[in-house]
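sharing a model prediction with you, sequence too.
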Number of protein chains: 8
Amino acid sequence: MPGVLILLGSASDKEVCDRAVAVLRELGVAVKATVASTHRTPDRVVELVRGSDADVFIGIAGVAAALPGSIAALTTKPVIGVPVSGKVNLDSILSIVQMPPGIPVATVGLDRGDNAAILAAQMIALKDPALAKRLEQYRAKQREKVHADAKTFEAGYEGGR
Amino acid sequence: MPGVLILLGSASDKEVCDRAVAVLRELGVAVKATVASTHRTPDRVVELVRGSDADVFIGIAGVAAALPGSIAALTTKPVIGVPVSGKVNLDSILSIVQMPPGIPVATVGLDRGDNAAILAAQMIALKDPALAKRLEQYRAKQREKVHADAKTFEAGYEGGR
Amino acid sequence: MPGVLILLGSASDKEVCDRAVAVLRELGVAVKATVASTHRTPDRVVELVRGSDADVFIGIAGVAAALPGSIAALTTKPVIGVPVSGKVNLDSILSIVQMPPGIPVATVGLDRGDNAAILAAQMIALKDPALAKRLEQYRAKQREKVHADAKTFEAGYEGGR
Amino acid sequence: MPGVLILLGSASDKEVCDRAVAVLRELGVAVKATVASTHRTPDRVVELVRGSDADVFIGIAGVAAALPGSIAALTTKPVIGVPVSGKVNLDSILSIVQMPPGIPVATVGLDRGDNAAILAAQMIALKDPALAKRLEQYRAKQREKVHADAKTFEAGYEGGR
Amino acid sequence: MPGVLILLGSASDKEVCDRAVAVLRELGVAVKATVASTHRTPDRVVELVRGSDADVFIGIAGVAAALPGSIAALTTKPVIGVPVSGKVNLDSILSIVQMPPGIPVATVGLDRGDNAAILAAQMIALKDPALAKRLEQYRAKQREKVHADAKTFEAGYEGGR
Amino acid sequence: MPGVLILLGSASDKEVCDRAVAVLRELGVAVKATVASTHRTPDRVVELVRGSDADVFIGIAGVAAALPGSIAALTTKPVIGVPVSGKVNLDSILSIVQMPPGIPVATVGLDRGDNAAILAAQMIALKDPALAKRLEQYRAKQREKVHADAKTFEAGYEGGR
Amino acid sequence: MPGVLILLGSASDKEVCDRAVAVLRELGVAVKATVASTHRTPDRVVELVRGSDADVFIGIAGVAAALPGSIAALTTKPVIGVPVSGKVNLDSILSIVQMPPGIPVATVGLDRGDNAAILAAQMIALKDPALAKRLEQYRAKQREKVHADAKTFEAGYEGGR
Amino acid sequence: MPGVLILLGSASDKEVCDRAVAVLRELGVAVKATVASTHRTPDRVVELVRGSDADVFIGIAGVAAALPGSIAALTTKPVIGVPVSGKVNLDSILSIVQMPPGIPVATVGLDRGDNAAILAAQMIALKDPALAKRLEQYRAKQREKVHADAKTFEAGYEGGR
């Protein structure tokens, strides 16, 4: 299908995945998502990654978040990692971002499924000019949202406070 | 030229940049690199990024490492951020990876200019099958290096210790 | 108008801004506040800062909090940064306080919009003796509040516990 | 004299102080600096601060860096705090930046005596247009330094590597 | 009176103070407690500490918790510091425990007003054999509490789970 | 052979491995060690672990230290993880210790190859009474070493200092 | 009885213990659990550990979590440590994992009583082939759970979102 | 003898101990120091602590620094803990300061053997007025040292720089 394959380390990270899927669909990027644990189902991760013709992979995982790195070990396609928040937070961030030489993972912020989706789209847009245009429109919408927020905000301050 | 544009926050981060350039050249990816500080030369960053037709941007910066995020604010092309080590380390990592919704930076590990280069190549390879092949060869070489290291290592253990 | 211009990275940081505005108004310092994201609306930040004749700027932002540093890059007026709390907290503190040489940001504590306001007033008071006097009265009121709290506190302990 | 009074928690922090003094002298700001420990000589700190007519105070201290906060408790003039690096680093940063409501300290980065000096000058420049002009020239020089660094840097990359 | 003088940086830390007072009263140690902020009321802290004939001082404070160190700067009597929890926690712990050479603060755990009280009693017991005995009884009671808890706990596990 | 199989993520971690091998040999436990990177040679890790009849596995790795968890995913034998020190340290510790439910890794301290070896021996000793005895002798030797150190230490203090 | 002896530093850590007991019972491993505080009842810990013929010990404790290390000091049997979450979290993790040379504690993740149980069973299974088989079945069940979760998850995504 | 008993977890912490001994001797406080590891020689710690009539105990230890807490578990005399620096530093600080309810350890700063000595002397001075006087003289000397440092420092700044 070419597009994005999202793997979640646990079904409990669904909310972060939902944000990624929503943004990818809004941007018109084909996406598939499923659960696959590096630690509980290592063979499943191997099969899914090696058997996929996705352009970009997204791995979403918390605590000792090995999933994105595991995916990156199995492909030379770009892999994006999303650390999921929990009791420590530095654990998932550092487990994903501090990859050793040779096998990068493109790490985004804690719970930022949305940013993983945008980043994946930016990568695919390198070969898809129409998507590149949609990304610029998406960015413009964000910009307008800030301007609108600013207007509401300033109005709220006029009278008093 | 299409390829990669690397911006360094400071000339003192050159060593990290050198690793990125070396890997990109080994992979046959066109690359330009220069110094541009978000905080000392904000206009220069704007000009360089908006005036560039690079496919991928890499920002290298330490401490309150705003450069990669600044680049990402100016383009919808993929932006990779490399945190540079210093006295605190968590400062540059968190300043780059914890981007707000809408503007992702693909963060790699501390001082990992090499991984930023590989990641950039992986992105460009989405539209360049020959580069994709070179990436697989590069990966294979890494794999063989580990096998060779293992052999040396095991031999060293045979006799004694 | 001369006075203080407050920029918020996101409308969701409004509560921190409200504290700053309330204190500035109590101290009789002119203040304007609006939303402007370094990452989503970089041009807006440039326009607002370069187009302002404010004496002091306050930037309020969370996570990879680049806004205060971005403002500081655009002016030689003093800039105050307020890190906003979230899931990590060290991210916004370090992203603001650890500015590189040449471009300082006067960082205050996590969510301390009130302290940013007092600090801004202290700066402006260097040229406004009446404001300097109001700051001393404000300080005296704080002192009296502690004395009053102490009395209530001690009374509560007299009888029992 | 009006100008800046710098207090160091310990003579061992002299290097950080030297950077501040050098920048202030370059900017033509009157400056005095001496050693005064909050913990070993609390009365000396009180005398120095209450007896000073400085416009701005800078406190430089490491570990449980209480000095800047102590100064701020004794004056309503702006106080800048410089955390000094050591074995932990987060200790001095957090001890200075996390001031309670009512008594701000304008915190700069670890060991950044230079930035403390620039910030102090920015505050004083609010009432001294000539200093404001020198600050802009100082900023311009930084900008030119980056441009020069960039040229050298690019030249170094031309031939090879 | 000799005994313990407890100072709180803010009335909002009352709960931690209550635990200290309750334990000191149970151990029969004279105690006074009041609010005194190092930053908002530095003179009050000086007066209270220098004017007190307490054997031991306890300072309770959060964030950039300078109060215990301030007390220690004013007396050669033992001073105990209790860091209060908040959004960062490492801030109050490190601000109290990392005192510079010459001026120790006996730091206890986060929010551990109870342990501050026991520690103060242990110090005073060096000259008060009856108190030393009460401390041993208090310890014995803790021990018995654990044994009782263990019995309940084991019983709960017998039948099932 | 039954015994211990040690995998190193990188030949550069050899020093930590050497300590483990030395202790295992001193305790008379069969040991094999080789290099195998989870990220660069995932198949090699699978082959080595699934093809091994070792009783216990030790994984030694730094930064985003996924190796021990990868081993644990492939076997139900006990797996010990040794975090290797670097620029951040919390990265390797948290990447190993914070394993998700179902797949434990027995984590030891930073660079503690020696402790990994002792722990492996303790596990194997559950079925090998002679090894259990050797472990008690090893412990006794440590105890005697402390007693000897204490004697030397006390002697050094007698005369002077 | 041989099997596992679990000690809790405090009855308040019962929930973490319950998970360990549940898993051990499911795996058919004999288990006893009780409360014993290293700090409040050091003699009780000595008696329980030295008087036990358990194969494996599990220590569950929070904050300055000395219990697992205390157990390890008293036996050469394997000891597993479970850090309990609280206000700081890094405290219990580091207090358990960073054991000095000679006395390892097999540390598992924060609040991971379940993983401590599995790890203990893995150790005992070295001499109990039937238990080894049950561990493999347990692992298979986890694997199937992931596959089932994946199916549910994918179904939820089919229709919409 | 009454006075101070210092226990070191390891002979390698001697330097920190030396500072404590030097200060105690300067203050005329009887002191004994020896090596005793909580983890390698738990019985030795019990014997030394229970067999001692010291007024105050000091425990010096690094990494998972359990020694001070172990001492505190065995006596109701005051116990002071000195965290020793290493690769992580937060480990020894948190392992000592975060003691559970009931068993306090008076924690001082990283490697601050000198402060542990002063604190011990302050405790003993509660029953020894002559020592109390010597402590005040010691404090006065520190104060004079700061004044002398300040003079040298200011002189150095007069001419130039």
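Received the coordinates, thanks. What you see is a predicted model; the values in this text were computed from it and never measured.

would you agree residue A:63 is in contact with residue A:89?
No. Assessed by Cβ atoms under 8 Å, residue A:63 is found out of contact with residue A:89, at 9.9 Å. Where C-beta positions appear, they are placed from N, C-alpha and C, glycine not excepted.

looking at these two, which one has more neighbours?
It is residue A:63, of residue A:63 and residue A:89, that has more neighbours when counted by other Cβ atoms under 10 Å in any protein chain shown, with 26 against 23.

so that one versus chain H, what's the distance?
In this view, residue A:63 and chain H are 19 Å apart by Cβ to the nearest Cβ, to the nearest Å.

then residue A:34?
Relative to chain H, and taking Cβ to the nearest Cβ, residue A:34 is found at 38 Å.

look up the closest residue to that residue, ignoring the ones flanking it.
Once flanking residues are discounted, residue A:34 sits nearest to residue G:150: 4.9 Å by Cβ to Cβ, 6 or more residues apart in numbering or on different chains.

which parts of chain A sit against chain F?
With the criterion set to Cβ under 8 Å from any Cβ of the partner chain, chain A comes near chain F through A:9-10, A:37-40, A:42, A:46, A:62-64, A:66, A:69-70, A:72-74, A:88, A:90-91, A:94-100, A:102-103.

among those, which ones are in helices?
A:42, A:46, A:69-70, A:72-74, A:90-91, A:94-97 (DSSP state H).

so what sits opposite the nearest residue to residue A:9 once chain neighbours are set aside in the bridge?
Spatial nearest neighbour of residue A:9, chain neighbours left out: residue A:61 (3.5 Å); criterion: Cβ to Cβ, 6+ apart. Beta-bridge pairing for residue A:61 (DSSP bridges): residue A:83.

can you give me the buried ones in the strand or helix carrying residue A:157?
Element membership of residue A:157, judged by DSSP states H and E, is helix A:129-158. For helix A:129-158, the buried set under the neighbour-count rule, 16 or more other Cβ atoms under 10 Å in any protein chain shown, comprises A:131-132, A:134-135, A:138-139, A:142-143, A:145-147, A:149-150, A:153, A:157.

ok, residue A:5 - contacts?
A:31, A:32, A:33, A:48, A:49, A:52, A:54, A:56, A:57, A:58 (Cβ atoms under 8 Å, 6 or more residues apart in numbering or on different chains).

and if we set it to 7 Å?
Taking Cβ atoms under 7 Å, 6 or more residues apart in numbering or on different chains, we find residue A:5 in contact with A:32, A:52, A:54, A:57.

chain C contacts on chain A?
A:85, A:89, A:109-110, A:142-143, A:146, A:149-150, A:153-154, A:157, A:161 (Cβ under 7 Å from any Cβ of the partner chain).

sketch out the low-pLDDT regions of chain A for me.
A:1, A:158-161 (pLDDT under 70).

quick check: the residue nearest the centre of it vs residue A:8, distance?
Note on chain A: the residue nearest the mean C-alpha position is residue A:116, at 2.2 Å, using Cα atoms, centre = their mean. Residue A:116 sits 12 Å away from residue A:8, going by Cβ to Cβ, to the nearest Å.

quick check: which element contains residue A:57?
Going by DSSP H and E, residue A:57 is in strand A:56-61.

what does that strand rub up against?
Applying Cβ under 7 Å, 6+ apart, the external contacts of strand A:56-61 come out as A:4-9, A:13, A:16-17, A:20, A:49, A:67-68, A:71, A:75, A:77-82, A:84, A:92, A:113, A:116, A:120, A:123-124.

residues in contact with whichever residue of chain A sits closest to chain D?
Ranked by Cβ to the nearest Cβ, the top residue of chain A for proximity to chain D is residue A:90, at 12.6 Å. Contacts for residue A:90 were tallied using Cβ under 7 Å, 6+ apart; they are F:90, F:94.

what do you get for residue A:46?
With Cβ under 7 Å, 6+ apart, residue A:46 has these contacts: residue A:74.

what's the separation between it and chain E?
Applying Cβ to the nearest Cβ to residue A:46 and chain E gives a distance of 38 Å.

just residue A:121 next, same as before
Distance from residue A:121 to chain E, by Cβ to the nearest Cβ: 35 Å.

same deal with residue A:9?
Distance from residue A:9 to chain E, by Cβ to the nearest Cβ: 28 Å.

that residue and residue A:24: what is the separation?
Separation of residue A:9 from residue A:24 (Cβ to Cβ) stands at 19 Å.

so for those two, which residue has more residues nearby?
Neighbour tally, residue A:9 and residue A:24, criterion other Cβ under 10 Å: the higher count belongs to residue A:9, 29 against 26.

check contacts around the more buried one.
Contacts of residue A:9 (Cβ under 7 Å, 6+ apart): A:37, A:38, A:60, A:61, A:62, A:65, A:67, F:100.

neighbour-wise, give me the winner out of those.
residue A:65 (35 neighbours).

just to check, that one is in contact with residue A:94?
No. The criterion here is Cβ atoms under 7 Å, and residue A:65 misses it with residue A:94 at 9.0 Å.

so residue A:92 makes contact with residue A:65?
Yes. Using Cβ under 7 Å, residue A:92 is in contact with residue A:65, at 4.3 Å.

quick revisit: which one of the residues of chain A next to chain C is nearest chain E?
Minimum distance to chain E across these is 12.9 Å, recorded for residue A:89 (Cβ to the nearest Cβ).

what sits against the closest one?
A:110, C:87, C:88.

for the second one, which non-adjacent residue is spatially closest?
In space, residue C:87 comes closest to residue A:85 once its chain neighbours are excluded; the distance is 5.1 Å by Cβ to Cβ, 6+ apart.

hang on, isn't residue A:6 packed against residue A:19?
No. Residue A:6 is beyond contact range of residue A:19, at 10.8 Å (criterion: Cβ under 7 Å).

who's more crowded, those two?
Using other Cβ under 10 Å, the more surrounded residue of residue A:6 and residue A:19 is residue A:6, with 28 against 20.

anything in contact with each of residue A:92 and residue A:65?
Common neighbours of residue A:92 and residue A:65 (Cβ under 7 Å, 6+ apart) are residue A:83.

nearest to chain E: which residue in chain A?
residue A:90 (11.9 Å).

picking that back up, how deep is the residue nearest to residue C:87 tucked in, by neighbour count?
17.

got it, and residue A:12?
Neighbours around residue A:12, by other Cβ under 10 Å: 12.
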